[in-house]
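Chemist: Sequence first, then the predicted structure:
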Amino acid sequence: MSETPLLEFRGVGIDYVTHRGVVPAVRGVDLTVDAGETLGLAGESGCGKSTLALSVLRLLPATAKVSGQVLLDGADVRELNWGQLRAVRWAGASVVFQGAMHALNPVQRISDQIAEPILIHGGRPAGGVSARVSELLDRVGLPKGRSRAYPHELSGGQRQRVMIAMALACEPRLIIADEPTTALDVMVQAQVLDLLAELVAEARVGLMMISHDLSVLARTCQRLAVMYAGRIVEHGPAAQVVRAPVHPYSAALAGAFPTIGDVASRLAPRGLPGDPPDPADLPSGCPFHPRCPKMRDECTEVDVALRVAGPDRDAACVLVDAPGVSR
Amino acid sequence: MTDTANPPTAAMGGRRAITWRRRWAAARQVWRTFARSRSGLVGLGILVLIVVLALLAPVLSDAAQLDVTQATGARMAAPSGQDWLGTDESGRSVLVLLWWGSRISLLVGFAAAALCVGIGTVVGLLAAHFGRWVAAILLRVTDFFLVLPSLVLAVALSAALHAGTGTVILAIGLTSWPVTARLVRAQTLTVETRPYIERARALGGGHWHVVLRHVLPAVLPLVLANTTLNVANAIIAESTLAFLGVGDLSSTSWGEMLHAAWTNGAVTAGAWWYLLPPGLAIVVVVLAFTLCGRALESVLTPALRGGGRR
Amino acid sequence: MTDALASAEGGLDALTGQGSRGSSGTLRFVAVKLGGAVISLVLVIVLGFFLFRVLPGDPVTTMTRGQPVGARQLAQLRTQLGLDKPLIVQFGQYLWGVLHGDFGTSFTYSQPVWTLVRQALWPTVLLVGTSTILAAALGLWLGSRSAWRRESTMDRTTTGVALTLWSVPQFWLGLILLMVFGVGVGPIPGIFPVQGMVSVDTPSGFFPQALDIAHHMVLPCITLIAAFYAQYLLVMRSSLLEEMHADYLNTARAKGLTDDQVRRRHAVPNALLPTVTLIFLNLGLVVNGAVTVETVFSWPGLGLLLYRALGVPDLPLLQGTFITLAGAVVVMNLIAELLYRVLDPRVRTS
């Protein structure tokens, strides 16, 4: 742990400047991903997880204002000039976007799209670019004959495989997977997840995976961070967070998806009442309190920071009565 | 729509009043959004000014000034204190011709646009409402007229029929409707998938009832925006036909002025005062209509407004 | 008629709306389009007959309007044109003639219409072709830059100028250019020829002739370009604006492409297909422009032929030019629709 982490967020806040005023999407997030480590980022849509992830490569629209530090290999991406930033993009960290149908250029052959970052970043792979493309396609399990296909000629799972092959093209040290399996059906979802986990482990690449589905993250990631209303509310080893969540929100999220093999969870799926809060108009105190099944009186006033909730675990909830050590 | 407007019809009570109140509120909303577009407002201002001037021509000036036999000025004289815009080949004031010409140009523009939008709306509604072979035939015909060089067709029509302002209006209207028809059809198809149309049908509404009472009101705003653009087209078309010599030579329009200027050697004589004003007038009016139409269109198609998603 | 921007979009609609979702394959698509074009051509021919034989009532009276012609000459003319026969026989003869490239004899030139049309064809193709290519290049380039920097000063200026030029009647712009740069006004000398395609005193030989034609073509070309680049610009701009928020552009940015590369390699190719096909679809409008501009500059093409025939009116010649122009546009549209199928991979395989 002494070496520089691969990716580190230090007090990151991201505001969107809209005509309605300044809307905070991410509020004071500290998070690290070490080399070769897999981190899952969970939360409902609108909680700021995608915004946080896209800030790593500065892919946010111009209306987003980032504060704090986003350190990739120790260098703050916010201070890079355009040339340096372009060099970091894809070669330092690549992205598997959600909805590969739209994330791939519809009028370009997939082989060209995979080859593009290799050529851009001046890669001279042994055996030439096309050999490298075939190798990548082979690794994600796409038949060779499909390399000259257009995106619409592939199935959803195949397209997502293309995205993964593309993400691996420049051998980055970090891959950000933004809801990589959302649009896929369950069988294909499992295949793609296993493939991603396998490739990541094989190449010792750091992975930051984003999903609203805790079971997906538990399957692939070593550590888990749960986000609510722009903040991390729970953080710890994946298996523990899913099996024994501390924060009521994590518990609700874990309960929203039935655990395979657990009959009880299937018979009594617990959802979460209400909608996530409007980031422009957050409730007072703990932003989760209006939906919290275990709400106490002080929750409407006290907004709790992350507290140590066990070995290598933190949670932001008054219920965590660890000896008052807050970070 | 947060604030409810209080239209004069509110007192009527009953369902009709509610309908009218809603329409009134919607119209106010459209106007408010339209007023936000500066270019649209400028266009509208220019149009109002020109239309008023054209209407007032008989009141403020004497039609006798158009009479060739009573012309006082010299032949194609440059602008002077007496004739601010110079004179034409018969010694008439270009300014007076320009003023009176606006009447025919605008008349033809509005009338031809009305004809064109009328045909287009009927064809578009029918093609969308009745499927299968009615639509197939109507679409085939629409596509045919859409690609045909409309000017050539209009020229042919005017040559075949006897000359006159009515012929020009007919020729323009009959050749420019396909765009409107396609637009109306597309919009009707969208409208007809809405639940309230299905409800109207389920409640036993016949074709006429559904089309006239439910579909048409929903399509009308778009038709209106399209009409402004069509007037602009028709004015240009009128001037082009007049220039080619198939218009009504006895009436004065901006196109006829340019035709006369050209055939009487204004170009070689360098009589810019005769050539520039009618052309500029056309440009200004057409631009004003185009600006209005575009502003209306962007009001009515919210997708074009704002910066998109995100 | 200078149909406005709406027609451009309407045309686009016509193109993408139909046939694109046919799962039954390319053959069916080609057959349908080919069938449509054949029907259109038949309609053009029927319309030609109707417009110039039926609608004028007695064509001979129309043609000889205002001329001292005796009754015997009229009767002779009627026989010559076959007007003394029943309408259905006339139509049969007409159809037979058209199918064999016989459009009758011009009343004013006393020459076969087809000969006149053939002579006028290539000047028109030269003029219209050159200006279409230049206008499209200019419009697409400006349009893509404009959309990319939406709401910038450059965008506002470009769109404003385009909209203004769009509102200008082509013939008037031609007249003004002719007056300023052909005849010369005040201190500006006339540096371009005022009419025709070649001067009589130009030495023979390829280069002097080509240079002279180019010299004659400058003003008509500028007029046509000014009138037409606007719609390419506006359509390119709006179709690129639709792509602006596409996810694949974000992917391209994440890959480390420069802003320029994202535009050129990803955004423009996606926006280009509909626009390029539009160029073909708009040939009808280009033909309209050619008629007026050729008239103004006395460019010896089909437009001028039509204008001259109109003045008489020379009905057989009008008929011939009408059928040729309309037929050419129908054929061009067929090519455009087939081309679209070939160019867009999304349509090709669906």
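Modeler: Looks like it arrived, so ask away.
Chemist: What strand or helix carries residue A:233?
Modeler: Residue A:233 is part of strand A:231-237, with elements assigned from DSSP states H and E.
Chemist: neighbouring strands for that strand, and are they parallel or not?
Modeler: Strand A:231-237 has these partner strands in its sheet, going by DSSP bridges: strand A:223-228 (antiparallel), strand A:313-315 (antiparallel).
Chemist: Which among those is found nearest to residue B:200?
Modeler: Nearest to residue B:200 among these is strand A:223-228; the distance by CB to CB comes to 45.7 Å. Bear in mind the C-beta positions are built from the backbone N, C-alpha and C, glycine included.
Chemist: List the residues that contact residue A:277.
Modeler: Listed by CB atoms under 8 Å, 6 or more residues apart in numbering or on different chains, the contact set of residue A:277 reads A:229, A:283, A:287, A:290.
Chemist: Tabulate those residues (TSV), appending distance to residue C:79 and neighbour count.
Modeler: Written out in TSV, the entries for these read as follows (distance: CB to CB, whole Å; neighbours: other CB atoms under 10 Å in any protein chain shown):
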residue	distance to residue C:79	neighbour count
A:229	93	24
A:283	96	16
A:287	96	22
A:290	96	16
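Chemist: Filter those residues down to just the ones in helices.
Modeler: Cross-referencing the contacts of residue A:277 against helices under DSSP state H gives no overlap.
Chemist: Check those against chain B and report the nearest one.
Modeler: residue A:229 (19.5 Å; CB to the nearest CB).
Chemist: The closest one and chain C: what is the separation?
Modeler: When distances are taken as CB to the nearest CB, to the nearest Å, residue A:229 and chain C turn out to be 25 Å apart.
Chemist: Tell me, what's the model's pLDDT at that residue?
Modeler: The predicted structure scores residue A:229 at 90 on the pLDDT scale.
Chemist: which ones are touching it?
Modeler: Residue A:229 makes contact with A:27, A:47, A:48, A:276, A:277, A:279, A:282, A:287, A:288 under the criterion CB under 8 Å, 6+ apart.
Chemist: Would you reformat those residues as a markdown table and include pLDDT and distance to residue C:148?
Modeler: Compiled in a markdown table, the contacts of residue A:229 are given as follows (pLDDT from 0 to 100; distance: CB to CB, whole Å):
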| residue | pLDDT | distance to residue C:148 |
| --- | --- | --- |
| A:27 | 91 | 33 |
| A:47 | 87 | 32 |
| A:48 | 88 | 29 |
| A:276 | 81 | 35 |
| A:277 | 85 | 36 |
| A:279 | 83 | 30 |
| A:282 | 86 | 36 |
| A:287 | 88 | 39 |
| A:288 | 89 | 42 |
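Chemist: Now the buried members of those residues.
Modeler: Burial by neighbour count, judged by 16 or more other CB atoms under 10 Å in any protein chain shown, picks out A:27, A:47, A:48, A:276, A:277, A:279, A:287, A:288 from the contacts of residue A:229.
Chemist: can you give me the strands in chain C?
Modeler: C:184-185, C:188-189 (DSSP state E).
Chemist: The stretch 251-350 of chain C against chain A: which residues are in contact?
Modeler: Neighbours of chain A within the stretch 251-350 of chain C, by CB under 8 Å from any CB of the partner chain: C:251-258, C:261, C:265-266, C:269-270, C:273, C:344-346, C:349-350.
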